[in-house]
Structure formats: structure tokens, C-alpha cells
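**Student:** Kindly return the folded structure for what I paste below:
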Amino acid sequence: MPKPAKIDPNVSIATDARASPEMVRVWDRVVRSFHWALVLSFVTAWLTSHSSEDIHHWAGYAAAALVAMRLLWGVLGTPYARFSQFVRDPATVLRYLSALLSGREARYIGHNPAGGAMVIVLIGAMGSTALTGWLMTTDAYFGVPWVEAAHSLAAHGLLLLVLFHMGGVALASFRHRENLVRAMITGRKRKAEPADIA
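**Tutor:** The predicted structure follows:
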């Protein structure tokens with residue numbers, strides 16, 4: 001009869017908590033759907049700006065509707081979706097950016113102060129781009145040079161903001177050892193540790 005295998009008391013049978021951290025739900029389905037639908041509408045509008053006027057317009061209308069929905073959900077939504085949870089005063093944002101530059105920034109479970117500010121700026125820029133694009137289709141403003149210039153400026157400014165946003169996501173993912181793109185797909189992040197801000 002074979003001898004039972006010996007169990008080494010120095011080896012834990014349980015999974016190492018650092019290898020498999022406990023996760024918590026942060027981003028609800030509405031926030032995640034909004035985020036990726038807005039990405040799709042922006043990319044579609046950008047790629048069709050000189051090739052398909054109809055698709056470009058509908059992508060802009062979709063973006064405007066998404067922005068309106070997000071503004072509503074920012075007031076009525078789940079805790080981490082609400083503006084009151086992540087919109088902070090300019091002094092707090094500046095302190096966070098200063099800590100970021102020195103490598104001492106805290107990890108936030110929801111949006112960090114810079115990320116929260118970026119959400120507001122991106123919503124404003126997307127709304128401005130959609131509004132000026134719509135104005136260009138009206139009888140009153142069709143062909144008006146300053147409206148066309150404003151739409152182009154808003155669209156190019158939005159692209160720049162999107163690139164900054166992507167850089168910030170990459171930096172925060174690296175610094176805090178978590179994949180924020182995956183978190184915006186699954187809705188889950190590593191639970192708060194003692195030094196983190198929930």
C-alpha cells in the first residue's frame with residue numbers, strides 16, 4: 001500500500017493573497033457601457049470625418065446622447081459613478097499631481113483626483129464637439145467659418161485629451177500594479193489596502 005504524501009508545513013495550501021487579490025466591484029454596467037460606446041463613437045466620427053458624412057453625423061449624435069446619459073448617471077447612479085464621489089476642487093487635483101510627480105500619489109479605488117478632472121474635461125470637450133458639429137448642419141450656421149473652426153478645434157483638442165487620458169491610465173496601471181483597462185471591462189479592482197483611498 002503506497003504511503004500518503006507528506007505535507008510540508010512551510011508550504012501554504014491556500015492561494016497567496018498577493019497572487020490572487022480580493023477584488024471589489026467599482027464600475028457598474030452603465031459606466032462601462034458608456035465608456036466603451038463613447039470610445040466607439042469618437043473613433044467612428046474621427047475616421048469618417050472626410051469619408052462618410054452620414055456615419056460621421058450619427059456617430060456625433062450618439063456621442064451627444066451618451067454624454068447626456070452620463071450627466072444624468074453622474075447624479076443618479078451607483079456610488080462610484082456619481083460626480084460627488086470623484087469631482088474634487090482644483091487644490092486637491094494640484095496636490096495629487098504634485099504627489100504624482102514625486103511618486104508619492106495615493107491609490108484610489110474610484111477615479112483619482114486627476115482622473116476625475118479628466119472625466120469632466122472629456123465630457124465637456126465631447127459635448128462641445130458634438131454641439132458645434134450639429135450647428136454646422138443647421139440653416140443658421142451651415143458654412144459659417146467660425147463654427148467650422150470651433151468644431152475642428154474642439155475635435156483636435158478632444159483627440160489630444162484622449163491621448164493624455166490614455167497616458168494617465170497607463171501610468172496609474174504601472175504605478176499601482178493593476179490593469180485599469182481590464183477594470184473598465186470587468187468593473188472590478190483590487191480591494192482597498194490600508195494606504196488606499198476608497
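**Student:** where do the helices sit along the chain?
**Tutor:** In the chain, the helices defined using DSSP state H lie at 29-47, 53-76, 83-86, 90-101, 113-135, 145-175, 180-186.
**Student:** Can you say which of the ones you listed is nearest to residue 198?
**Tutor:** When these are ranked by distance to residue 198, counting by CB to CB, first place goes to helix 83-86 at 9.9 Å. C-beta: built from backbone N, CA, C; applies to glycine.
**Student:** Tell me the buried residues in the closest one?
**Tutor:** 83, 85-86 (16 or more other CB atoms under 10 Å).
**Student:** can you put those residues in a markdown table and add distance to residue 155?
**Tutor:** Listed next are these as a markdown table, based on distance: CB to CB, whole Å:
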| residue | distance to residue 155 |
| --- | --- |
| 83 | 25 |
| 85 | 30 |
| 86 | 26 |
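**Student:** Could you single out the nearest of those to residue 127?
**Tutor:** Closest approach to residue 127 among those (CB to CB): residue 83, at 14.6 Å.
**Student:** Contact partners for that closest one?
**Tutor:** With contacts defined as CB atoms under 8 Å, 6 or more residues apart in numbering, residue 83 is in contact with 74-75, 120.
**Student:** now it: how far from residue 123?
**Tutor:** In this view, residue 83 and residue 123 are 10 Å apart by CB to CB, to the nearest Å.
**Student:** what's the neighbour count on residue 140?
**Tutor:** Using other CB atoms under 10 Å, residue 140 has 7 other residues around it.
**Student:** can you check residue 125 too?
**Tutor:** Other residues lying near residue 125 total 19 when counted by other CB under 10 Å.
**Student:** And the pLDDT at the closest residue to it other than its chain neighbours?
**Tutor:** Counting by CB to CB, 6 or more residues apart in numbering, the nearest residue to residue 125 once its immediate chain neighbours are dropped is residue 158, at 4.4 Å. Confidence at residue 158, expressed as pLDDT, is 96.
**Student:** And residue 5, by the same measure?
**Tutor:** 45.
**Student:** ditto for the one 4 residues further on
**Tutor:** The model reports residue 9 with a pLDDT of 46.
**Student:** do you know how far the residue lying closest to residue 196 once chain neighbours are set aside is from residue 150?
**Tutor:** With CB to CB, 6+ apart as the measure, residue 107 is the residue that lies nearest to residue 196, at 4.5 Å, once sequence neighbours are left out. The gap separating residue 107 from residue 150 is 38 Å, by CB to CB.
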